[in-house]
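[1] Pasting the sequence and the predicted coordinates here, then a few questions.
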Amino acid sequence: MPFAFLIVGVVLVISGVRGTSQDLLTLVKGDFTGQGSYLYWLVAILLIGSIGYIPSFKGFSKAFLALVLVVLVLKEGNPKNGNGGVFQQFQTALQKISQGNGAS
């Protein structure tokens, strides 16, 4: 957990130094609001994980968490509106990065 706080802190400091704090806030807000946001996945993972604290449901919880991770990775999404699975989003991000570096 300390590493997560360290990573978040480093990202915030870098964003502050570069003067892109508002852009970072807009990106994070977009990830957790609107249709298809990560908030639904976060709530589902927290609920399933909390069920795992009951000793008789521990195996059930682990199986459903594995299922949620599989769905996150294999989700196809809708390419028409830009929503897609992990692989499609990763490809889109790489294309944007390569286009941005080529233009500079």
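    Noted; the coordinates are in hand.
[2] Centre of the chain to stretch 40-47, how far?
    Distance of stretch 40-47 from the chain centroid (Cα atoms, centre = their mean, to the nearest Å) equals 12 Å.
[3] The residue positioned nearest the centre of the chain and residue 44: what is the separation?
    Per Cα atoms, centre = their mean, the C-alpha nearest to the average position across the chain is that of residue 38, at 6.1 Å. Distance, residue 38 to residue 44, by Cβ to Cβ, to the nearest Å: 10 Å. For every residue, glycine as well, the C-beta is placed using N, CA and C.
[4] what about residue 48, how many neighbours?
    By other Cβ atoms under 10 Å, 19 other residues sit near residue 48.
[5] excluding its backbone neighbours, what's nearest it?
    Nearest residue to residue 48 in three dimensions, chain neighbours excluded: residue 64, at 4.8 Å (Cβ to Cβ, 6 or more residues apart in numbering).
[6] what's the pLDDT at the residue located most distally from the centre of the chain?
    Within the chain, the residue lying farthest from the chain centre (Cα atoms, centre = their mean) is residue 56, at 30.0 Å. Turning to residue 56, the model gives it a pLDDT of 93.
[7] Contact partners for residue 10?
    Residue 10 makes contact with no residue, according to Cβ atoms under 8 Å, 6 or more residues apart in numbering.
[8] Just confirm it is within a helix.
    Yes - the assignment for residue 10 is a helix, going by DSSP: H, G, I helix; E, B strand; the rest coil.
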